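Participant: how would this look folded up:
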Amino acid sequence: MVCIDTSFLIALLRGDPNAEAKLESFVQDGERITTTPICACELFAGAYKAKKRDLEIRRVKEFLSRMELLEFSTQACERFGRVRSELESTGTPIGDFNIMIAAIALAHNQAVLTDDVEHFQRISGLTVETW
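Facilitator: Down below sits the predicted model:
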């Protein structure tokens, strides 16, 4: 199972052939494709800033309808608190959105597929993949 981060979703929306090939390999392997509410929020924020707003909003809605949105559960919230505390105590903080994405993936026992490997690799116990 793999949880797709915003960077990968954007690459797909932009037609990146490497991202498309990676997604195709997951589909062929029968992988469950998921993302988080945080990633969905980031996509909609970008769509609402786009010059062709209505088109981009429709594209995001259609795209998200094809994957499962993982729940931001109490367990994920607790993981967020733990991870943020650990990163701050070691002097290696990252943005709260990335911590939320990682916490949701951890709570659902999923790897994160991202282009932001540097930040996500700081999180203990999280499997990070790229394309």
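Participant: each with direction, which strands does the one helix or strand Val112 maps to pair with?
Facilitator: Using DSSP states H and E, Val112 sits within strand 111-113. Note on strand 111-113: by DSSP bridges, its sheet partners are strand 2-4 (parallel), strand 128-129 (parallel).
Participant: to the chain's geometric centre, what's the distance from that strand?
Facilitator: 7 Å (CA atoms, centre = their mean, to the nearest Å).
Participant: distance of Cys3 from Ile101?
Facilitator: 7 Å (CB to CB, to the nearest Å). Where C-beta positions appear, they are placed from N, C-alpha and C, glycine not excepted.
Participant: overlap in contacts of these two?
Facilitator: Thr36, Val112 (CB atoms under 8 Å, 6 or more residues apart in numbering).
Participant: comparing those two, which residue is more hemmed in?
Facilitator: More crowded of Cys3 and Ile101, by other CB atoms under 10 Å: Ile101, with 32 against 29.
Participant: quick check: that one touching Asp5?
Facilitator: Yes: counting by CB atoms under 8 Å, Asp5 is a contact partner of Ile101 at 6.0 Å.
Participant: what's the overlap in contacts for those two?
Facilitator: By CB under 8 Å, 6+ apart, the residues touching both Ile101 and Asp5 are Cys39, Val112.
Participant: can you tell me which of the strands paired with strand 111-113 is nearest to Ala107?
Facilitator: Ala107 lies closest to strand 2-4 among the strands paired with strand 111-113, at 10.2 Å (CB to CB).
Participant: give me the contact list for the closest one.
Facilitator: 26, 31-36, 39, 67, 70, 101, 104-105, 108, 110-113, 129.
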